[in-house]
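Asker: Dropping a prediction and its sequence here:
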Amino acid sequence: MALLKYIAIGAAAAYGISQLVKKRESDGKSIIDDLSEQAPEWLDTLKKYGGDVLSKTTAKAEPVVETVQSSM
């Protein structure tokens, strides 16, 4: 029974990969092509978000650090 389960999982994975790399007739691109084109935009967005989070965290941590340093 376990062998049948692994065969089904393998077939589903193979089908999923084939759908990811299959070229569309309308523009000749695949889903992987779309993702690779959009990746630089996503990285820029994530870098901006990371910078914002870092600055907010630093701003919240500075009073705590000053309090701890002044008590020592």
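Answerer: Right, received. Where do you want to start?

Asker: Please identify the buried residues of the helix or strand where residue 12 lies?
Answerer: For residue 12, the host element (DSSP states H and E) is helix 2-21. For helix 2-21, the buried set under the neighbour-count rule, 16 or more other Cβ atoms under 10 Å, is empty. Where C-beta positions appear, they are placed from N, C-alpha and C, glycine not excepted.

Asker: That one: what's the following helix or strand?
Answerer: Past helix 2-21, the next helix or strand by DSSP H and E is helix 31-71.

Asker: so what does the helix holding residue 12 touch, helix or strand wise?
Answerer: Secondary-structure packing of helix 2-21 (3 or more Cβ pairs under 8 Å, 6 or more residues apart in numbering; DSSP states H and E): helix 31-71.

Asker: tell me the angle of the helix it packs on relative to helix 2-21?
Answerer: 100 degrees (axes from the mean of the first three to the mean of the last three Cα atoms, to 10 degrees).

Asker: quick one on the thing from earlier: pull the residues that contact the helix holding residue 12.
Answerer: Defining contact as Cβ atoms under 8 Å, 6 or more residues apart in numbering, one finds that helix 2-21 is touched by 30, 31, 32.

Asker: can you pick the most crowded of the residues you listed?
Answerer: Looking at these with neighbours defined as other Cβ atoms under 10 Å, the largest count falls to residue 30 at 15 neighbours.

Asker: Would you mind giving both backbone torsions of it?
Answerer: With angles defined as degrees, to the nearest 10, residue 30 sits at phi -110, psi 170.

Asker: Tell me the spacing between it and residue 23.
Answerer: Applying Cβ to Cβ, to the nearest Å, the value for residue 30 to residue 23 is 5 Å.

Asker: just residue 16 next, same as before
Answerer: Taken as Cβ to Cβ, the span from residue 16 to residue 23 is 16 Å.

Asker: and the helix or strand bottoming out on mean pLDDT in the chain, how far out from the chain's middle?
Answerer: The helix or strand of the chain with the poorest confidence is helix 31-71; it has a mean of 92 (mean pLDDT, DSSP states H and E). Centroid separation between helix 31-71 and its chain, computed with Cα atoms, centre = their mean, to the nearest Å, is 15 Å.
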